[in-house]
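# fold the stuff below for me.
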Amino acid sequence: MSATETPVGGDPAEGPSGERGKRKFTFPSALTVLAVVTVAVWLLAFLIPSGQYDRNDSGAPVEGTYHRVDSGQSFVDRLNDLFLAPVNGLYGIQDEKSGFVAPDNVGALYGSAGVFLFVLAIGAFITVVFATGALDRGIGRLAHRLRERGALLIAGVMVVFSVLGTVEGFAEETLGFYGLIVPLMLALGYDRMTAVGVIILGAGVGVLCSTVNPFATGVASSAADISLGDGIVLRFAMWVVLTAVTVAYVIRYAARVRRDPERSLSGFLPGDRDRERAAEGASEVPELTRLHKTVLVATALVFAFMIFSVVPWSSALTGDADATPYGFELGWSFPQLAALFLCAAVLVGLVARMGEQRLSSTIIQGAADFVSPALVILLARGVTTIMNNSKITDTVLHSIEGVVKGTSSGLFAVIVFVVNLPLAFLIPSTSGHATLAMPILAPLADFAGVPRAVVVTAWQAASGWMNLWVPTTAVTIGGVALAKVGYDRYLRFVWPLLAVLFLLICGFVALGAVLT
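Purely as a prediction, here's the structure:
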C-alpha cells in the first residue's frame, strides 16, 4: 500500500468523533521490513560461527561431518555482500566450486530474475486485459450471479489452489492471480484481506500438506532415501483436515466483513466499494460483447496453460520423484512463464484492436504498477545470499541436529517440526531446505525408531507453516504487496489460524510417529 492510499473506514489515527488525534505508529512497508531483515541477518552473521558439512556426490551434507571453517571474508567483503544484496537477489551467480554468490561469477543463477520478470509480465498482461473492459464486466456479471453464494466461490477457489499446492507445489504461480481474485472479492462485498486469504492460505495449506509435490515431498523423500509414496496416508489425512480448517477460517472472516465492513482488517481503498455497489445495485448487468467473451476465454486459457506447463505430470501421477517425464510435459519455469504472459498481453491487445501506441503504453504502465512487489521478491532473495556467503546456514543446521537426538518417537517428530521452523525462515526455498536438512534429520529418525516418512512430513509442515507468514518469501510478501494490504495487518489476520494449524500439525506428526 503506498503512502497516498489510505484505507477507507479503518484509519487508526481517527477517534470516534472522526477528528484526527495524535499520529500513531504506522507499520513500515514490505520493502522497509525486508531492508531491516537484511541488515539484521548481516549483523547476526558476525555472531554465528561459520561452518559446513562435507558433501556427497549429490551435494547433500553428510551426518557427523560438520566442522568450523573460516568464511574467508573480511569486513570489507561482508560490507560488499550487504551492499550487493539486492543485486545478488536479482541476478547473483553461484560459483560451482566456492559456492559464493556474486553478480560476476560463472555458474548457476542464484538470484530471482525469473520470478522478478514473471511479476512484471503478469502486471502487463492483467493491465491490458483490464483495459479492454472485459475483466471488469465479466467480474461484475459473476459477482451479480454469485452475490448470495460468495462462500461457495471462496471454498471452491481455495480447494482448487490447495489441490495444486499439494500436488505440484503451487506457490509463486499464485502471484499471477491477484489481478483476478482481488476485484472479484471486492465485487462480492468482501475486502482485500479476503482475497489474500483465498490465495496465500489456499495454496499455502496445500503446500504445507504436500502429498506428491515433487519440489517438497519429492526432493525430501529422495534426500531421505525413501519413496515419494511413503507416508502419503498421513499427509493426505493432514491435507483434508487442515484444508477444511483453513477454508472455514477464511469464510468466517469474509462473512464478518460482509456483514460489517468496519471490521475489515485491511480497510478499503478509494473505489473498492464501487464494485460491490455495482454488483448489488444493478438488476441487469451489461451483457458481454463478442470481444469481451473472446478476451475472457483467452485469459482463462492463458492461466490454464500456465498451470499445465509447470505441473510435473509423470511424478504427480506415478508417485516417483525421478520418473521419466512424459512426452507432453513442458517443465516450464518462470522465464518461460514471463515470456508467456508478455506474448499473451500483446495478443489480447491485438484482438482488442488497441493500437500500437495504446498497447505499448498499457504494457509499460502495467509493468510499472507491479515493480513494488517485484522489488520485494529480489530483496527477500538477497537475504539468503548473505547467509550463503557468510557460511552460517550449516551452523544453524548443526544446532538443530544436536536438539533432536535422544528423544521418544512422538516427541522426536514434534521436535523435528519445531526445530525446522527457524531453518525454514532462513531458507524459504523448500527444495533448498530439504536438500540441506533431510540428509541430516533422516538418519536421526532411525535412532529414534521413527519412520523417515514422518520426518519428511514434519519437515515439510514446518516449511509450509513458516511460508504462510514469514517476510522472506516471495509468495507472502509479494502477495500482500500485490493486494495492497499492509504486512502487519496480514499478520493480525493470520496469527489465530497459525496457532490452530501449529497444534494440529504437532498432533498429526506425533500420532504418525507413535502409530507407525
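# identify the residues contacting the residue nearest to residue 411 when sequence neighbours are not counted.
Nearest non-adjacent residue to residue 411, counting by C-beta to C-beta, 6 or more residues apart in numbering: residue 510, 7.5 Å away. C-beta here means a position set from N, CA and C on the backbone, and glycine is covered the same way. Listed by C-beta atoms under 8 Å, 6 or more residues apart in numbering, the contact partners of residue 510 are 410, 411, 413, 414.
# top of these by neighbour count?
residue 413 (31 neighbours; other C-beta atoms under 10 Å).
# so after the least confident helix or strand in the chain by mean pLDDT, what's the next helix or strand?
Lowest on mean pLDDT, DSSP states H and E among the helices and strands of the chain sits helix 272-281, with a mean of 56. Counting by DSSP states H and E, the next helix or strand C-terminal to helix 272-281 is helix 290-310.
# ok now that next one, how far from the chain's centre?
23 Å (C-alpha atoms, centre = their mean, to the nearest Å).
# sec struct for residue 49, please.
Three-state call for residue 49 (DSSP: H, G, I helix; E, B strand; the rest coil): coil.
# got it, and residue 472?
coil.
# tell me which of the contacts of residue 510 fall in helices.
410, 411, 413, 414 (DSSP state H).
# which of those residues lies closest to residue 493?
Of all those, residue 493 sits closest to residue 414, with 26.4 Å by C-beta to C-beta.
# the closest one reaches residue 509, doesn't it?
Yes: using C-beta atoms under 8 Å, residue 414 is in contact with residue 509, at 6.2 Å.
# which residues do the two both contact?
Contact criterion C-beta under 8 Å, 6+ apart; residues shared by residue 414 and residue 509: residue 458.
# any low-confidence regions in the stretch 301-450 of the chain?
Within the stretch 301-450 of the chain, the ranges that satisfy pLDDT under 70 run 310-311, 315-316, 319-322, 397, 400-406, 426-433, 435-436, 439-440, 446-447.
# again, 50 this time
Within the stretch 301-450 of the chain, not a single segment meets pLDDT under 50.
# going along the chain, name the helices of it.
Counting by DSSP state H, counting those that start in this stretch, the stretch 301-450 of the chain has helices at residues 313-318, 334-351, 356-369, 371-390, 393-403, 409-426, 430-448.
# cool, and the stretch 51-200 of the chain?
Assigned by DSSP H, counting those that start in this stretch, the helices in the stretch 51-200 of the chain fall at 75-91, 113-131, 134-145, 150-168, 178-187, 192-196.
# mean pLDDT lowest where, among these?
Of all these, the minimum mean pLDDT falls on helix 134-145 (a mean of 69).
# residue 48 and residue 390, how far apart?
Distance, residue 48 to residue 390, using C-beta to C-beta, to the nearest Å: 8 Å.
# who has more neighbours out of those two?
Taking other C-beta under 10 Å, residue 48 and residue 390 do not tie; residue 390 has more neighbours (22 against 16).
# tell me the contacts of that one?
Residue 390 is in contact with 45, 48, 50, 71, 73, 78, 81, counting by C-beta under 8 Å, 6+ apart.
# which two in those residues are spaced the farthest apart?
Maximum pairwise distance among the contacts of residue 390 (C-beta to C-beta): 14.4 Å, between 48 and 81.
# and the residue nearest to residue 411, that's in a helix?
Yes: counting by three-state DSSP, residue 510 falls inside a helix.
# now do whatever helix or strand residue 499 lives in against helix 409-426, angle only.
In this assignment (DSSP H and E), residue 499 forms part of helix 487-515. If you take axes from the mean of the first three to the mean of the last three C-alpha atoms, to 10 degrees, helix 487-515 sits at 150 degrees to helix 409-426.
# flag every buried residue along helix 487-515.
Using 16 or more other C-beta atoms under 10 Å as the test for burial, helix 487-515 gives 487, 489-491, 493-494, 497, 501-502, 505-506, 508-510, 512-513.
# before we move on, what about stretch 365-380?
Quick answer for stretch 365-380 (16+ other C-beta under 10 Å): 366-367, 369-370, 372-380.
# tally of neighbours for residue 290?
With other C-beta under 10 Å as criterion, residue 290 counts 7.
# same check, this time on the one 10 residues further on
For residue 300, the tally of surrounding residues (other C-beta under 10 Å) stands at 12.
# tell me the pLDDT of it.
Predicted confidence (pLDDT) for residue 300: 81.
# 42 is where my numbering starts, stick with that
Yes, from this point I'll number from 42; that puts the last item at residue 341.
# any idea how far it lies from residue 221?
For residue 341, the distance to residue 221 (C-beta to C-beta) stands at 10 Å.
# run the chain-centre distance for stretch 391-403.
Distance, stretch centre to chain centre, for stretch 391-403: 32 Å (C-alpha atoms, centre = their mean).
# ugh, wrong one, I meant stretch 550-557
Worked out by C-alpha atoms, centre = their mean, stretch 550-557 lies 29 Å from the chain centre.
# just the C-alphas of it, formatted as PDB.
Taking C-alpha atoms only, stretch 550-557 is exported to PDB below (Å, rounded to 0.1, in the frame of the first residue of the first chain):
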ATOM      1  CA  VAL A 550       3.100 -35.900  13.400                       C
ATOM      2  CA  ALA A 551       3.200 -37.200  16.900                       C
ATOM      3  CA  LEU A 552       0.300 -39.600  16.200                       C
ATOM      4  CA  GLY A 553       2.000 -40.700  13.000                       C
ATOM      5  CA  ALA A 554       5.300 -41.400  14.800                       C
ATOM      6  CA  VAL A 555       3.600 -43.400  17.500                       C
ATOM      7  CA  LEU A 556       1.200 -45.400  15.300                       C
ATOM      8  CA  THR A 557       3.900 -46.300  12.700                       C
END
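# pLDDT wise, what is residue 551 at?
Predicted confidence (pLDDT) for residue 551: 93.
# got it, and residue 268?
At residue 268, the model reports a pLDDT of 67.
# on that earlier part again, and the contacts of residue 431, which is closest to residue 286?
Closest to residue 286, out of all of the contacts of residue 431 and judged by C-beta to C-beta, is residue 89, at 36.0 Å.
# and that closest one, how far from residue 439?
Distance of residue 89 to residue 439, given as C-beta to C-beta: 11 Å.
# ok, now residue 149?
Taking C-beta to C-beta, one finds residue 149 at 25 Å from residue 439.
# and residue 212, backbone torsions?
As for residue 212, its main-chain torsions (degrees, to the nearest 10) stand at phi -140, psi -80.
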